[in-house]
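Give me coordinates for this.
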Amino acid sequence: MNLPSTRDNQRRVFLSETDFADSRLSPLQQDASFRRYFCIDDGEHGCLLMDAPPETENLTAWLEIGNHLNQLGLRAPAVLRSDTDTGFALIEDFGSRTFTRLLDAGESHEVLYTQAIDLLIHLHQHPNALLEGLKPYDFQALMDEALLLPDWFLPLLSGQPTASQQRESYQQIWGAVFDSLPTPAISLVLRDFHVDNLMQLPANEPLRQIGLLDFQDALIGPMAYDLMSLLEDARRDLPSPLVNAMRERYLQAMPLLDLENFQLWYRILAVQRHCKVAGIFSRLAIRDDKAQYLKHIPRVLGLLQSHLEDPLLRPLGDWLRACGVTSNRLTIPSDYRSVRTTLGLIDRSSD
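Down below sits the predicted model:
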C-alpha cells in the first residue's frame, strides 16, 4: 500500500482551508524547475495549485513580481490564496494556449512574435518598470551562470570534471569581456522571456491578451536580455527575416537607446546565455535525469557560434574550439548517467 507523502499531506492541509478541500488534483507536466502544478478538477473553477518547495523555489519572489507586473498593466496569474512558509499558492489557470503550442499548430509567427515584442516595448518604456528591492543582474550573476558550461556541459562531453586551470582560464576570459563593456540601458529583466512562457488569453486590451509565466527570477539588468532571449530561443528555430524584423520593430520603438551600446550588449548576453543554457540542459540530464533537454544543445551551440566573431569574444571562441565545443563533428553523448559518478553525484537511475 502506498502511503501519502509528507508533501501530499501538506498540499491537502493547504487546500482544506479553501473551497477546494475535496477536489481532485491532476498533476500537470513538470518543467525544468522543482515547481509542480496541479489542475483542480471541480467542474466549475479555473484554478491551479502551485507547489513550490521552499528549499528550492522562491514563492515570495513569484508573488511580489507577479503583483508588480499586474500593476504595470501586464498579466500574471491572479492569486487566490498563498502560503509562503509551506510553498503553496492557489492561482488563476491560464489554460493551455502557450505561444509554443499555437506556433506548432500553424498560427502566424509574425502575429505572435509581434505581440511579444510589443509587450517588451511596453515594459521597457514604463517609468515604473524597476521593482524596488530586486537584485541587479550584475557581472557576478552573469559569471556564475556562464560557469555552468565548464561545470556541467564539458563534463558531459568529456566524461570527466573540468580541470581547475581550464575553468580558471574560461573565467578570466569572461572577466575581461565584462570589464570591457560599457554601462547598459537597464530595466526589469524577466530572464526567461520566450514562447514557452507566454500564454494567449481572452481580453480586450492587447497587452492583457498575453499571460506571463516563470518570472520569479527577474532582476534589474540590461534591457537587451529579454529581447535576445525571445529571438534566440534555445528550443525553437526562427527564420532570420523574422528575427531581423522583430528586432527592428523593437529598436524603432526605442529611439533613445544608444544603438551601438545595445547591440554590443545583445551579442555578449546572447553568448553568455547560450553558455549558461548548454550547462543547464546538461545539468538537467546528469543531475535530474531529464534527458529531453539534450536534444536542444546543438541549436544552442549554433546560436552561440554565430556571435563569436565579435572582437571581444574571439578569446572565448579560441577557448571553446580548444575544448571541442564548437567542432562541426561534435555529438552530444547519450550515456550521461556515467558522468554522475565522475562528478560525485548519486546515481538516480538506480533509485
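
now the strands for the chain?
Per DSSP state E, the chain carries strands over the ranges 24-27, 36-41, 47-51, 79-83, 88-92, 186-189, 198-200, 210-212, 219-222.

And the contacts of the first one?
The reference is to strand 24-27. With contact meaning CB atoms under 8 Å, 6 or more residues apart in numbering, strand 24-27 is reached by 11, 36-42, 49. (Glycine included, C-beta is placed from N, CA and C.)

let's see 6 Å
Residues from elsewhere that reach strand 24-27, judged by CB atoms under 6 Å, 6 or more residues apart in numbering: 38-39, 41.

Most neighbours of all these, which one?
residue 38 (19 neighbours; other CB atoms under 10 Å).

residues in contact with it?
Contact analysis of residue 38 by CB under 6 Å, 6+ apart lists 25, 27, 49.

if you set the cut-off to 7 Å instead, what comes out?
Neighbouring residues of residue 38 by CB atoms under 7 Å, 6 or more residues apart in numbering: 25-28, 48-49, 51.

May I ask which two of these are separated the most?
Spatially, the most separated pair among those is 26 and 51, at 12.9 Å (CB to CB).

Give me the more crowded residue out of these two.
Between residue 26 and residue 51, residue 51 has the larger neighbour count (other CB under 10 Å), namely 24 against 12.

neighbours around the residue nearest to that one when sequence neighbours are not counted, how many?
Nearest-residue entry for residue 51: residue 36, 4.3 Å, with adjacent residues in sequence omitted and distances by CB to CB, 6 or more residues apart in numbering. Around residue 36 there are 19 other residues, counting by other CB under 10 Å.

Verify the stated contact: residue 48 with residue 35.
No: with contact defined as CB atoms under 7 Å, residue 48 does not count as touching residue 35 (10.8 Å).

one step back: go through the strands of the chain and name the closest to residue 104.
strand 198-200 (13.0 Å).

What residues of the longest helix anywhere in the chain count as buried?
Ranked by number of residues, the top helix in the chain under DSSP state H is helix 259-286. Under the neighbour-count criterion of 16 or more other CB atoms under 10 Å, helix 259-286 has 261-262, 264-286 buried.
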